[in-house]
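Trainee: The following comprises the amino acid sequence and a computationally predicted model.
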Amino acid sequence: MKQTTGQVVGVSGNMVTVRVQGQVRLNEVGYVALEGERFLKSEVIRIRGDLAEMQVFEMTRGISVGDEVSFTGELLAVNLGPGLLGQVYDGLQNPLPQLAEKTGFFLDRGVYLDSLDAERQWEFTPKASPGDVVTAADTLGTVPEGIFQHRIMVPFNMNGRYSVDWIAERGEYRVDDTVAEVRDERGGKHQLTMRFQWPVKRAIEQYAERLKPSEPMVTKVRMIDTFFPVARGGTYCIPGPFGAGKTVLQQITSRHAEVDVVIITACGERAGEVVETIQEFPELTDPRTGRSLMERTIIICNTSSMPVAAREASVYTGVTLAEYYRQMGLDVLLLADSTSRWAQAMREMSGRLEEIPGEEAFPAYLESVIAGFYERAGAVRLADGSHGSVTIGGTVSPAGGNFEEPVTQSTLKVVGAFHGLSRERSDARRYPSIHPLDSWSKYAGLIPHGKTEYARDLLFRGDEVGQMMKVVGEEGTSLQDYIVNQKSEFVDAVYLQQNSFDPVDGAVMVERQRHVFDLLFEIISAELDLESKDEARQYFNQLRQYFLDYNGAQWKTDKFYEHENAIKELLKERKTGIDSHARQFVEQAAETVGSQG
Amino acid sequence: MKKVYSRIDEIAGNVVRVTAEGVQYGELATVKSAHGTSLAEVIRLSGNQVALQVYAGGRGVSTGDEVQFLGNPMRVSFSEDLLGRVFDGSGNPRDNGPELHENLIEIGTPSVNPSKRIIPRNMIRTGIPMIDVFNSLVESQKLPIFSVSGEPYNQVLARLALQAEVDMIILGGMGLKYDDYLYFREALEEGGAMSRTIFFVHTASDPVVECLMVPDVALAVAERFALQGKRVLCLLTDMTNFADSLKEIAITMERVPSNRGYPGDLYTQLAQRYEKAVDFDVAGSITILGATTMPGDDVTHPVPDNTGYITEGQYYLRNQRIEPFGSLSRLKQMVNKDTRADHRAIMDGMIRLYANYKESLEKKSMGFRMSEWDNKLLKYGEIFEERMMDLSVNIPLEQALDRCWEILAECFEPEETGLRSDLLSEFWPKQRESA
Ligand SMILES: Nc1ncnc2c1ncn2[C@@H]1O[C@H](COP(=O)(O)OP(=O)(O)O)[C@@H](O)[C@H]1O
Ligand SMILES: [Mg+2]
């Protein structure tokens, strides 16, 4: 096949226009020859007659009219195979630490390295046998990667049925060594290695069935797990103004989430934030496995000063790797910070293409592209019966912190949970600043619905009373309402708020959340004998004090029970019964539990 | 010798178009007009049509002026000779010193490989409690002062520059008022810092395009010094002028604006500058302190808004005070775990109470009766503003933390503070015996 070539006829920003000789595909990758010595990776984003417009994944400085372009015939793709875990890549799957070894402090243009270590030996155990009939994504063998059995699969782009002629015996192999030979139905032979490519903008759909996301994905953030849960295979978004805590929330989720693999896509935000992860993860142990957190993590890092076109690609690179590990029956979490930067990258290209702009100059197809991205999340049953999932959580950085903007709105239409961050809460240092009234989730959580509903209802009523008090003053508020307000403030202070940097309170496991919520529920559902507002305030101050100390105590230590008893004692002193309002919720909760059991 | 083109086809704003061949994207050219020679940069190529942005502006350029391409992108001289000197945005001297041509370095070069960065770890002590206690500044941080015009942001910048323990200071002035320029000179001279300072100054009366160059030139030089092991502090004031220059040029280029006339890549443009802030493991560092004035005191205006999404926090200057709300140092947790055991708790606890104070104040202004609790908060808020927020307060961190506890004890009972008992028992001031 003759390779297609072309010449640059125009340059504007990171877009070049190329006159093409031969055939060219949309989203095909080409290389612009810069002064004949550096080849800059680019992607075709529009074709008109013999002119192709390409976004260059590098700085375009120095490109001249007439520079040669060579096309690869391949779509923008990533390498799949063992050795992805623990890596730090840029948006195009270039390994950054290895790049640094080669080019030093700065990101040199036109240097692309192998994203998999071609020299590393992997302990291969065959699972298929000669004579077996296999199709795409069937397992040929496994290699241990960290704590997982990495499945070596029939490449996903091999259509039809193949019979296995030969399979490598147990032993050490490199990713490019042949581990199997298969024959297609027409007798054509194929040699398979442990590596293959997959185009990033195409979803991997090698599963038997898509399931409804129903199992909670525990984050260890109380407010999320209890009130706005995320399901494995589900989607959620975190919109919020700058400084409200989007990145911190994602960082702690990347550490504590109960999933097998976490893929962090740092998309167009600060480099410094990724550095923390890059440097700290290898030192941190995953409590579930006792191994380094880095062993289950992949970092895709295309920060704000790195080329914009590669930023656009980075979220796709991330989700493709996520889907790949899902195919091994694993639960994968993809975190993208920030999807707005990705949308802005699209906007920049759309502007260069002089497309008719939509709202706030975003392209008209923004909504469908966002929907298509989140659609790649899901819980699936694989052909062999095992289950895997990709959960996607994206932050959104709306201009001016105003959620009435295209990216937030398009995202809200497709996600299953909304963790909206509030400036008022972060200003008042009420972290995590997820708005407890505006946020929502369509997924089921850890704690019986009736009880959390009561707590939510209390928060709403407390807020109403708070608003009222602003109008009529404390003196115009009844003692009963005042107590409602105190209770809701109490829930906020001791349960919703959770300092992520606290060694104990920063991450709270499920068992403890359940336990603590029960006690919290006992307090907020209690009818209390309080004579005056001052007394009520003092009483709740005291309770809060005990409860904060309780939250700070290690689970099930003497200190923990000491504080728990102090709280219970204090509650007993004033509890006279169950709040009439709570009763119906409690009954409801009992019913749900009953019907479940 | 490069070919000279003596015909300009089009002139619009600061952008001129010539027909030429063999030109590189980003290459520099000179444009010789009756007013003198200016540099110009290639900003678009389309066939043999070359669009150039003229640094000195399009005003007075004639269709018959000469354009000559130089074959290289914008560069600036880099050496120790820069110290103590003053230049404009194109790198030409503004003082009476000689022009510098040695050791030319490119500006606007690729960014640092994230895997070569290290986690910042050195606190910059400023003596300002609103910074040291509540939003600690960290070496290699990028952090602007958000301010309405009229606030003393340049004074604060100068104070921080002199107080910070850095090896050198690079001041990038954009649309800087001449008075402010003189102010910086005097302040740095008085503080004995002039000999380790470099100025790149664009004043309000200079051409717009040169304003765009200032951060790139300043940061390119800063980067080289940092690579030589220097801890460099870069002051960029006022970045809103930089953004406005971007806007002006985008509009002349007829690019679709995204928000209030600003181009869609405003975020990327700002990020490419601010992300130059760095701490190298085996070399020096760049810390960037900027000033971003907020048109109409509106923090949701595109310039402060995009900036806030890029920088590692901001100091919100209002009524000559650094406001606790809106102010943020995102790197504070890197350093405040090692200062004193009570630092983090005090930092959040004091602000939570201050937020409550604001609520009580609002109730009071609406004429409601103040409860006992409200009165406590009112007292607290006033004392806090006077003894902590006032910019004239200049005390070390430890003293400021002690002062916080004193304020709390003066206003509240321990369990009203929302602080944990272990801290309360360690730090709550003991009743004075005489009392
Ligand atoms: N859950 C939290 N606990 C404690 N501090 C937090 C929390 N979330 C945010 N913060 C504080 O707010 C700062 C900004 O948070 P960040 O996540 O970077 O904001 P965003 O990504 O929304 O701009 C952090 O540096 C930290 O000081
Ligand atoms: Mg963030």
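Mentor: That came in fine, so what should we check first? Ligands and ions are numbered 1, 2, ... in the order given.

Trainee: In the stretch 51-200 of chain A, which residue sits nearest ligand 1?
Mentor: In the stretch 51-200 of chain A, the residue found nearest to ligand 1 is residue A:91; the distance is 19.2 Å by Cβ to the nearest ligand atom. Every C-beta, even on glycine, is put in place using the N, C-alpha and C of the backbone.

Trainee: And for that residue, the neighbour number?
Mentor: 30 (other Cβ atoms under 10 Å in any protein chain shown).

Trainee: for it, helix, strand, or coil?
Mentor: Assigned by DSSP: H, G, I helix; E, B strand; the rest coil, the conformation of residue A:91 is coil.

Trainee: quick one: pLDDT of it?
Mentor: At residue A:91, the model reports a pLDDT of 94.

Trainee: quick one: which helix or strand includes the residue nearest to residue B:133 when sequence neighbours are not counted?
Mentor: In this structure, residue B:133 finds its nearest non-sequential neighbour in residue B:400, 4.9 Å apart by Cβ to Cβ, 6 or more residues apart in numbering or on different chains. According to DSSP states H and E, residue B:400 maps onto helix B:397-411.

Trainee: Quick one: mean pLDDT for that helix?
Mentor: 96.

Trainee: What's the first helix or strand after that helix?
Mentor: Scanning onward from helix B:397-411 (DSSP H and E), the first element met is helix B:421-427.

Trainee: can you list the weak-confidence ranges in the chain?
Mentor: All of this is about chain A. Within chain A, the ranges that satisfy pLDDT under 70 run A:1-2, A:589-597.

Trainee: I was thinking of chain B, sorry if that wasn't clear
Mentor: Using pLDDT under 70, chain B drops low at B:1, B:431-435.

Trainee: Contact residues of it facing ligand 1?
Mentor: B:328, B:330, B:332, B:333 (Cβ under 6 Å from any ligand atom).

Trainee: same thing but 8 Å
Mentor: Within chain B, the positions adjacent to ligand 1 are B:308, B:309, B:312, B:313, B:328, B:329, B:330, B:331, B:332, B:333, B:348 by Cβ under 8 Å from any ligand atom.

Trainee: Now do the helices for chain B: every range, in order, please.
Mentor: For chain B, the helices defined by DSSP state H cover B:129-132, B:153-163, B:178-190, B:208-227, B:239-252, B:266-274, B:302-310, B:332-335, B:343-365, B:372-384, B:397-411, B:421-427.

Trainee: Just the closest residue of the stretch 101-250 of chain B to ligand 2, please.
Mentor: residue B:142 (13.6 Å; Cβ to the ion).

Trainee: which ones are touching that residue?
Mentor: Listed by Cβ atoms under 8 Å, 6 or more residues apart in numbering or on different chains, the contact set of residue B:142 reads B:274, B:275, B:277, B:287, B:288, B:290, B:310, B:311, B:312.

Trainee: and what of residue B:195?
Mentor: B:83, B:84.

Trainee: what separates it from residue B:168, distance-wise?
Mentor: Distance check for residue B:195 against residue B:168: by Cβ to Cβ, to the nearest Å, it reads 9 Å.

Trainee: From the structure, what's the count of residues near the residue lying closest to residue A:195 once chain neighbours are set aside?
Mentor: Counting by Cβ to Cβ, 6+ apart, residue A:195 lies nearest to residue A:81, which is 3.6 Å off, once chain neighbours are set aside. Residues near residue A:81, counting by other Cβ under 10 Å, number 23.

Trainee: Now do the contacts for residue A:81.
Mentor: Residue A:81 touches A:116, A:152, A:175, A:193, A:194, A:195, A:196, counting by Cβ under 8 Å, 6+ apart.

Trainee: Also residue A:253?
Mentor: A:219, A:221, A:333, A:335, A:393.

Trainee: ok, back up a step: in the sheet, who's paired with the residue of the stretch 101-250 of chain B closest to ligand 2?
Mentor: residue B:288 (DSSP bridges).

Trainee: For residue 8, grab the count of nearby residues.
Mentor: Assuming you mean chain A. 24.

Trainee: hm, I was asking about chain B
Mentor: 22.

Trainee: Just want to check the distance between it and ligand 1.
Mentor: Separation of residue B:8 from ligand 1 (Cβ to the nearest ligand atom, to the nearest Å) stands at 46 Å.

Trainee: Dihedrals phi and psi, that residue?
Mentor: The phi/psi pair for residue B:8 (degrees, to the nearest 10) reads phi -110, psi 120.

Trainee: could you measure residue B:360 against residue A:491, distance?
Mentor: 21 Å.

Trainee: Which residue would be the closest one in chain A to ligand 2?
Mentor: For chain A, Cβ to the ion, closest residue to ligand 2: residue A:247, 3.2 Å.

Trainee: for that residue, what are its contacts?
Mentor: Here residue A:247 is in contact with A:269, A:270, A:273, A:337, A:395 (Cβ under 8 Å, 6+ apart).

Trainee: Put the buried members of those into a PyMOL selection.
Mentor: Restricted to buried positions by 16 or more other Cβ atoms under 10 Å in any protein chain shown, the PyMOL selection for the contacts of residue A:247 reads:
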select buried, chain A and resi 269+270+273+337+395
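
Trainee: Out of the contacts of residue A:247, which sit inside strands?
Mentor: A:337, A:395 (DSSP state E).

Trainee: of all the contacts of residue A:81, which comes closest to residue A:294?
Mentor: When those are ranked by distance to residue A:294 (Cβ to Cβ), residue A:116 comes first, at 16.6 Å.

Trainee: That closest one contacts residue A:195, correct?
Mentor: Yes - using Cβ atoms under 8 Å, residue A:116 makes contact with residue A:195 at a distance of 6.0 Å.

Trainee: which residues do the two both contact?
Mentor: A:79, A:81, A:175.

Trainee: Is it possible to get a markdown table of those that adds secondary structure and distance to ligand 1?
Mentor: Shown next, in a markdown table, are those (DSSP: H, G, I helix; E, B strand; the rest coil; distance: Cβ to the nearest ligand atom, whole Å):
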| residue | secondary structure | distance to ligand 1 |
| --- | --- | --- |
| A:79 | strand | 30 |
| A:81 | coil | 33 |
| A:175 | coil | 36 |
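
Trainee: Show me which of those residues is closest to residue B:6.
Mentor: residue A:79 (53.0 Å).

Trainee: Could I get the contacting residues of the closest residue to residue B:245 other than its chain neighbours?
Mentor: Closest residue to residue B:245 in three dimensions, ignoring its sequence neighbours and counting by Cβ to Cβ, 6+ apart: residue B:211, at 4.3 Å. Residues near residue B:211 by Cβ under 8 Å, 6+ apart: B:89, B:174, B:175, B:202, B:241, B:242, B:245.
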